[in-house]
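S.K.: Using only what follows, build the 3D model:
(one chain, ligands or ions: 1)
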Amino acid sequence: MVNVLFVCLGNICRSPMADGVFQQMVKDAGLDDKIIVDSAGTSRYHIGEKAHAGTLKILKEHGIDFRGRARQLTTNDLRLFDYVLAMDQSNLSNIQAMTVADDEKASVSLFLQYAYDEGLVSVLEVPDPYYNNRFDAVYDLVHKGSQALLKHIRDEHKL
Ligand code: 4NP
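M.R.: Okay, the predicted model is just below:
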């Protein structure tokens, strides 16, 4: 089993979008019995809340019914998950500051690193739509990022 966790600040905009999109891609590839997908936020701001209306709307437009509730990232997540994908550099720094023994630790990276390395995107950070409402731009990045991530995981795990 491969465990994948998307992380942003609030776990209501970007990481739930990636959670929903990636989960759908995994299902479409027939890999939902091999890859487990979840998301979390580095902050406590929105614990227990549904995803932002902008995220739910764009997911629905793409046929994805997302039911997750926001939760905060824990050090245990860094032990349980194989891949922890940060939406921006600030999230990445916050995750890296959490102390977990190196030999127990997930692979922690920027979510868009894989898509960037493949030339699918020209930025490494998913911009926060919380203040500018650009959920469409976020969806585009999340979709490309998910395609490249799934390809990487399939290659690495021979799936
Ligand atoms: P997210 O967006 O990290 O993509 O879920 C945000 C959600 C809430 C806040 C900031 C960003 N906030 O400051 O409450």
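
S.K.: Quick check: residues of this protein near the ligand?
M.R.: Counting by Cβ under 6 Å from any ligand atom, the residues of the chain close to the ligand are 8-14, 41, 45-46, 128, 130. C-betas here are computed from N, CA, C, even on glycine.

S.K.: Return the member of those nearest to residue 145.
M.R.: Proximity of those to residue 145 (Cβ to Cβ) peaks at residue 14, which lies at 10.1 Å.

S.K.: And the helix or strand residue 27 falls within, what does it pack against?
M.R.: Using DSSP states H and E, residue 27 sits within helix 14-28. Helix 14-28 sits against strand 2-8, strand 35-41, helix 53-61, helix 135-157, with contacts defined as 3 or more Cβ pairs under 8 Å, 6 or more residues apart in numbering; DSSP states H and E.

S.K.: Save these as TSV, and put in mean pLDDT too.
M.R.: Formatted as TSV, those follow (pLDDT from 0 to 100):
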stretch	mean pLDDT
strand 2-8	98
strand 35-41	98
helix 53-61	98
helix 135-157	98
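
S.K.: Need the ones you listed in CSV (columns: mean neighbour count).
M.R.: Shown next, in CSV, are those (neighbours: other Cβ atoms under 10 Å):
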stretch, mean neighbour count
strand 2-8, 24
strand 35-41, 23
helix 53-61, 17
helix 135-157, 18
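
S.K.: quick one, which of these is nearest to residue 70?
M.R.: strand 35-41 (5.8 Å).

S.K.: starting at the chain centroid, how far to that closest one?
M.R.: Strand 35-41 has its C-alpha centroid displaced from the chain centroid by 7 Å (Cα atoms, centre = their mean, to the nearest Å).

S.K.: Numbering from 528 from now on, please.
M.R.: Okay, using 528 as the starting number, the last item reads as strand 562-568.

S.K.: to the chain's geometric centre, what's the distance from the helix holding residue 554?
M.R.: Centroid displacement of helix 541-555 relative to its chain, using Cα atoms, centre = their mean, is 8 Å.
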